[in-house]
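1. what shape does this take:
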Amino acid sequence: PERLASLPLLQGRLLRAGFRLLRRGGALVYCTCSFARAQNEDVVSAFLGDEPAARLVEVECLADAPATPGSLPLTLRFDPRRSRTSALFVAKLERVS
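-> Below you'll find the model as predicted:
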């Protein structure tokens, strides 16, 4: 339980570290193998609130994938029963400036 509680903090740090390496117009895919909103939408939402140079964009290559929309626009969730994958969350972030 303690380790699970610390994962969103670690994931947020990893997301920020990766985003810092992007040039303007560059993109980063944030993906987890978790259904936990705290590790998915909450991490992305907090990041977007802190990083004005970031925006969510469509994950074009997954347009026809057996996924459902996440609770944040342009994010995707993969249910193991429907997609025959593990549980997945996918968000694509772009550096706009």
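2. which other helices and strands contact the helix or strand that contains residue 43?
-> Per DSSP states H and E: residue 43 is located in helix 41-50. Under the contact criterion of 3 or more CB pairs under 8 Å, 6 or more residues apart in numbering; DSSP states H and E, helix 41-50 touches helix 2-20, strand 54-57, strand 88-95. Yep, even glycine has a C-beta here, placed from its N, CA and C like the rest.
3. any idea how far residue 86 is from residue 46?
-> 24 Å (CB to CB, to the nearest Å).
4. okay, those two: which has more neighbours?
-> Set residue 46 next to residue 86 and count neighbours by other CB atoms under 10 Å: residue 46 wins out with 14 against 10.
5. spatially nearest residue to that one, not counting backbone neighbours?
-> In space, and not counting its chain neighbours, residue 46 is closest to residue 12: 6.2 Å by CB to CB, 6 or more residues apart in numbering.
6. wait, doesn't the one you found sit right on residue 48?
-> No - contact criterion CB atoms under 8 Å: residue 12 and residue 48 do not qualify, at 11.3 Å.
7. so between those two, which is more surrounded?
-> Remark: of residue 12 and residue 48, residue 12 carries more neighbours, 18 against 15, as counted by other CB under 10 Å.
8. can you pull the contacts of that one?
-> Neighbour list for residue 12: 43, 46, 47 [criterion: CB atoms under 8 Å, 6 or more residues apart in numbering].
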